[in-house]
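Next comes the sequence, and after it the predicted model I'd like to discuss.
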Amino acid sequence: MRSLAERARVALECVLRAVVLAVLIWFLVRTILVQRHGAVEDATSASIGTKLARWSTIAAPSRVHVRIDHPPAGRDRDWLAALSGASTDVDWNGPKLVPTAISVEPRIDPAGGADVSVASPENAMTVLADTLGALDSAKATRTGVRGYIPKFRGIVDAMVGPVVARAARHDSIELHRLLVIGQAGWEAKFAVAALEERGWQVDAHLIVSPKGDVHQGRIADIDTAHYSAVVAIDSSAARYGDRIANFVKQGGGLVLWSPAARVRSLAAIAPGGAGTLIADEGEAVPDSAPRSGLELVPITALNPDAIVLEKRGGDVALAARRVGRGRVLETGYTNSWRWRMAGGADAQARHREWMAGLVALVASSGHRTVAAAPSDVAPLVTLIDELGPSKVSTESSSLDPAVVARWVFALACAALLLEWASRRIRGVK
Amino acid sequence: MTQFVFATAKYASGDWESAPSLPEAVIDAVVRYTTIDIAPTGVYVDLSSHELFNYPFVWLTGHLPVRFNDEERNNVKQYVERGGLLMIDDHNHDITGQFHKTATEEIERIFGKMTRLPKNHELYSCFFVFDDGPPNTHHELNGYGDDLLHKYLDAILVNGRIGLIYSSKDYSSEWNFHAETKKFMQQDPTKFGVNLIVYALTR
């Protein structure tokens, strides 16, 4: 009769033999499956470069799972997409990735520069940079980040956490001249001065008397071949009204001081009508809110398709609309020259920039495609487009076959040694 | 839209108010020949005050020595650089006089050397045409002051535009009369004043 201890040893030996047998069967089945279906492998952002080379040469995994903490470079992403296209099941996940996209539009402005829009989650810190380094940073609002970059080299990156969206300049702008029409006065004079200082070529017709006006430049036909935009300072633009309206419908731009919207032919294309003058007090123009100190002829009776761009208190100060193929912007600030003359230390530059900004919003231009650096304007979107949406891996990570073989051998040896030792202790060979 | 207001500069030294009827005569000419929206009366504006920047054209004249204080100097510099036009006229019509010596010293101290405006400058053709440059005054022709006919005006140019004009022609005497007097004159002497204002408002 065997003792209890001996029966336990015998049972343990059976279990150990069963373990060895199970491990060998599992290893055999796994080897057959790997041979038939290929291995399942994974990688991280750090290892993806070497793993891709391995998956494309010495290993042929049936499935790969990539855990990424920043979007893979375009080369790696395309390589993964190619693997996916070559019947390897590729999936990925990256909980730290933030959806980010960037758009860079060259501004229609002789000073160059570009308007940058970045879509990123609210409150995310966004850093803009070009090839020479950081340009600016801002916290995203509900509508992302919008800004103007005066100069940049080649590309603009928007960095939000680990995600870098990259845009490149794809075309160059061909500018035409501007035509300024108005009564001889400070607003017309300083509008022309600001635009010329900005680099625009300006023709002007400034009305002085019924017998003689001041012409600057040689006023050509008002069409998009000659002019990028017309600037109408007041109702004296009436003599060009129909031609301006046709110009806008053809694709030209019009910047309209609200009193000019009283001209019948311009009223039809204006974003709104002209209200009653709110005079300024003649005080110094504050640096913090310079346009708050200017006189205003509010834009009233807005056209249904007009978009309000700026309000002062409850009054509409800037509005715009599309007309045909062109655009019209209406400003209610009728003595912006005071900003330049009576504003703070940098008022002249800020007024100039503002004035150029008004024109840039509507001006037409020719575009010429230029060679551009590779861009990646929405890296997460592209990743999803190429590899599908993020997946959390449900399988345990696959192991290197060599490592598995070593572990199987060690486990089998240990089990057999234990079983042999048990038998020897019992005195059985 | 802002009305044009003829402003005369007040400065700490000298007799800035020496041509009190000049604004009236020039305003009359502007109204007579143009549709420019102009205030019926002129104003005096202190060169040292921020109010100066509300008047992008300012007339400055006098007989006595001119010495700007620091505030006046800073304001004049900023005023010209921002696009204002300061017209300085020697009421003595005398290049050996105290006004000329001190005013030109002040100008050169602030801006450096002045440029001589050529006779074909657009200032002389922007409204009325003056083929021979700045029109002469009776004071020049009659031998008052330095007994010279000054053929040119001097200027400070900013980005190609005139920011400051210096005149030895003594328009301050020539135009310092009641506007009604023009009906007894064969030629309106203030026509060049119209050009000054048209230039200021359009260039």
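Here it is on my side, so go on.

Residue 25: what's it in contact with?
Answering for chain A, as no chain was given. Contacts for A:Ile25 (C-beta atoms under 8 Å, 6 or more residues apart in numbering or on different chains) come out as none. Using the backbone N, CA and C atoms, a C-beta is placed for each residue, glycine as well.

think we crossed wires, I meant chain B
B:Ala25 is in contact with B:175-179, B:182, B:190, B:193, counting by C-beta under 8 Å, 6+ apart.

out of everything not next to it in sequence, what's closest to B:Val198?
In this structure, B:Val198 finds its nearest non-sequential neighbour in B:Phe127, 4.4 Å apart by C-beta to C-beta, 6 or more residues apart in numbering or on different chains.

One more: A:Leu302?
Closest to A:Leu302 by C-beta to C-beta, 6+ apart is A:Gly272, at 4.2 Å.

follow-up on the earlier one: compile the contacts of B:Ala25 into a markdown table and extend it with columns for neighbour count and distance to chain A.
Written out in a markdown table, the entries for the contacts of B:Ala25 read as follows (neighbours: other C-beta atoms under 10 Å in any protein chain shown; distance: C-beta to the nearest C-beta, whole Å):
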| residue | neighbour count | distance to chain A |
| --- | --- | --- |
| B:Trp175 | 25 | 20 |
| B:Asn176 | 18 | 25 |
| B:Phe177 | 17 | 23 |
| B:His178 | 10 | 24 |
| B:Ala179 | 19 | 18 |
| B:Lys182 | 16 | 17 |
| B:Thr190 | 25 | 15 |
| B:Gly193 | 25 | 14 |
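
Need the max-distance pair from those residues.
Distance extremes for these: the farthest pair is B:His178 and B:Gly193 at 14.9 Å, using C-beta to C-beta.

isn't there a strand covering B:Leu86?
Yes - with DSSP: H, G, I helix; E, B strand; the rest coil as the criterion, B:Leu86 is located in a strand.

Mind listing the residues bridging to it?
B:Val58, B:Leu164 (DSSP bridges).

still on that earlier bit, pretty sure the residue nearest to A:Leu302 contacts A:Ala319?
Yes - the pair A:Gly272 and A:Ala319 passes the contact test of C-beta atoms under 8 Å, sitting 5.6 Å apart.

what sits against the residue nearest to A:Leu302?
Residues A:258, A:261, A:299-303, A:306, A:316, A:319, A:330 are the ones in contact with A:Gly272 under the rule C-beta under 8 Å, 6+ apart.

With respect to A:Ala347, which of those residues is nearest?
Checking the contacts of A:Gly272 against A:Ala347 by C-beta to C-beta gives A:Ser258 as the nearest, at 22.2 Å.

Run a quick check on the closest one versus A:Val297, I expect a contact.
Yes - the pair A:Ser258 / A:Val297 is scored as a contact, 4.4 Å apart, by C-beta under 8 Å.

what is in contact with these two at once?
Shared between the contact lists of A:Ser258 and A:Val297 (criterion: C-beta under 8 Å, 6+ apart) are residues A:274-275, A:332, A:334.

quick revisit: can you work out which residues contact both of A:Gly272 and A:Ala319?
In the contact map built from C-beta under 8 Å, 6+ apart, the residues linked to both A:Gly272 and A:Ala319 are A:299, A:302, A:306, A:330.

how much space between the second one and chain B?
With distances taken as C-beta to the nearest C-beta, to the nearest Å, A:Leu302 is found 22 Å from chain B.

I'd assumed that residue was in a helix, is it?
No - under the criterion used here (three-state DSSP), A:Leu302 is coil, not part of a helix.

Count the residues that sit near it.
By the other C-beta atoms under 10 Å in any protein chain shown criterion, the neighbourhood of A:Leu302 contains 17 residues.

Enumerate every residue touching it.
Residues A:271-272, A:308, A:316, A:319 are the ones in contact with A:Leu302 under the rule C-beta under 8 Å, 6+ apart.

neighbour-wise, which of those residues leads?
A:Pro271 (27 neighbours).

that's a helix at that residue, yeah?
No - the assignment for A:Pro271, made by three-state DSSP, is coil rather than a helix.

which sections of the stretch 101-250 of chain A are below the confidence cut-off?
Low-confidence regions of the stretch 101-250 of chain A, defined by pLDDT under 70, are absent; no residue qualifies.

which residues touch the residue nearest in space to the middle of chain B?
By C-alpha atoms, centre = their mean, chain B has its centre lying nearest to B:Met87, at 3.0 Å. Applying C-beta under 8 Å, 6+ apart to B:Met87 gives the contacts B:57-60, B:164-165, B:167, B:196.

most surrounded residue in those residues?
Among those, the one with the most neighbours (other C-beta under 10 Å) is B:Trp59, at 26 neighbours.

For that residue, give me the pLDDT.
The predicted structure scores B:Trp59 at 98 on the pLDDT scale.

my read: it touches B:Ile27, true?
No - counting by C-beta under 8 Å, B:Trp59 does not reach B:Ile27; the two are 11.4 Å apart.

Spit out the residues that contact those two alike.
By C-beta under 8 Å, 6+ apart, the residues touching both B:Trp59 and B:Ile27 are B:Phe6.

Report the residue ranges of every domain in chain A.
Using automatic domain parsing, the domain parsing of chain A gives A:1-39+A:410-429, A:101-172+A:370-377, A:176-364.

Could you identify which of these is most buried?
Greatest average neighbour count among those goes to domain A:176-364 (a mean of 20), per mean count of other C-beta atoms under 10 Å in any protein chain shown.

returning to what we had before: show me which of the shared contacts of A:Ser258 and A:Val297 neighbour chain B.
Under the cut-off given by C-beta under 8 Å from any C-beta of the partner chain, chain B has A:Thr334 from those close to it.

Spell out which residues of chain A are next to chain B.
With the criterion set to C-beta under 8 Å from any C-beta, chain A comes near chain B through A:183-190, A:193, A:196-197, A:204, A:206-212, A:214, A:216, A:233-234, A:259, A:282, A:284, A:295, A:334-335, A:337-338, A:340-342, A:347-348.

C-terminal to the longest helix along chain A, what's the next element?
Among the elements of chain A assigned as helix by DSSP state H, the one spanning the most residues is helix A:4-37. Where DSSP states H and E defines the elements, the next helix or strand beyond helix A:4-37 is strand A:40-44.

now that following strand against helix A:4-37, angle please.
Using axes from the mean of the first three to the mean of the last three C-alpha atoms, to 10 degrees, the direction of strand A:40-44 lies 80 degrees away from that of helix A:4-37.

can you give me the helices for the chain?
Chain wasn't specified; assuming chain A. With helices called from DSSP H, chain A shows them at A:4-37, A:48-55, A:74-85, A:186-198, A:241-249, A:264-267, A:337-342, A:347-362, A:379-387, A:401-426.

my bad, chain B
Taking DSSP H as the criterion, chain B carries its helices at B:22-33, B:70-82, B:98-111, B:138-141, B:171-174, B:191-202.

What are the neighbouring residues in contact with A:Ala129?
Residues near A:Ala129 by C-beta under 8 Å, 6+ apart: A:135, A:156-157, A:159.

A:Gly49 is in contact with A:Asp76, isn't it?
Yes - counting by C-beta under 8 Å, A:Gly49 sits close enough to A:Asp76 to count as a contact (6.7 Å).

quick one, which of those two is more surrounded?
When neighbours are counted by other C-beta under 10 Å, A:Asp76 comes out ahead of the other of A:Gly49 and A:Asp76, with 18 against 15.
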